[in-house]
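A.B. asks: Sequence first, then the predicted structure, then my questions.
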Amino acid sequence: MRSKTPLVLMEQMVMLLVFALAAALCLQAFVKSDQLSRQSENRDRALLMAQSAAEVIQNTGGDFREAAALLEAQSHDKDSLTIFYGTGWKRSEPTSENVYPFGYTLGVTRQETDLPGLGKAEIWVQDDETGEELARFSVAWQEEVSGRG
């Protein structure tokens with residue numbers, strides 16, 4: 001009578017292969033899930049920062065200099081402002097060569113409107129490392145209109 005040891009050993013090797021394949025598929029699913037979670041977290045944070053900037057712009061009546069002071073923007077003029085964030089959404093300061101490290105950039109730019117008394121701005125947030133735009137929307141507010149006579 002022949003021994004069944006080679007058959008049992010072959011069966012165990014096949015089962016080990018099946019478990020290894022299942023483990024590899026599960027690991028891929030966990031890695032993809034982690035990536036999606038990070039992307040979702042970054043989009044949520046970007047929208048929160050952009051919403052805060054929109055509220056400040058609205059409350060200042062479109063005064064970009066005042067809004068830049070309230071938001072502590074690193075760069076601004078009368079029609080735009082820019083805020084730089086490093087990784088982890090911490091405010092980023094320039095390096096010695098006046099270059100900002102990779103992270104995220106929030107920008108606000110005034111837009112022209114045809115209606116008197118209506119101010120409008122475009123707000124966007126970009127991931128500087130990938131170049132992906134995380135958020136973009138417009139905000140509007142009422143401005144004073146000089147009256148006639």
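C.D. replies: Nice, I can see it. Numbering: from 1, shown residues only.
A.B. asks: Flag the helix or strand of this structure with the lowest per-element mean pLDDT.
C.D. replies: The helix or strand of the chain with the poorest confidence is strand 75-77; it has a mean of 85 (mean pLDDT, DSSP states H and E).
A.B. asks: chain center to the helix or strand following that strand: distance?
C.D. replies: Next helix or strand after strand 75-77 toward the C-terminus (DSSP states H and E): strand 80-85. Its chain's average C-alpha position is 13 Å from that of strand 80-85, according to Cα atoms, centre = their mean, to the nearest Å.
A.B. asks: Against which helices or strands is strand 80-85 packed?
C.D. replies: helix 5-59, helix 64-71, strand 75-77, strand 104-111 (3 or more Cβ pairs under 8 Å, 6 or more residues apart in numbering; DSSP states H and E). No exception for glycine: its C-beta is placed from N, CA and C like everyone else's.
A.B. asks: right, and those - which one's nearest residue 124?
C.D. replies: Distance to residue 124, taken as Cβ to Cβ, is lowest for strand 104-111 among those, at 5.3 Å.
A.B. asks: which outside residues touch the closest one?
C.D. replies: 42, 46, 49-50, 53, 57, 62, 64, 67, 79-85, 89, 119-128, 134, 138 (Cβ atoms under 8 Å, 6 or more residues apart in numbering).
A.B. asks: Got a PyMOL select line for the buried ones in these?
C.D. replies: To isolate the buried members of the contacts of strand 104-111 in PyMOL, using 16 or more other Cβ atoms under 10 Å:
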select buried, resi 42+46+49+50+53+57+62+64+67+80+81+82+83+84+85+119+120+121+123+124+125+126+127+128+134
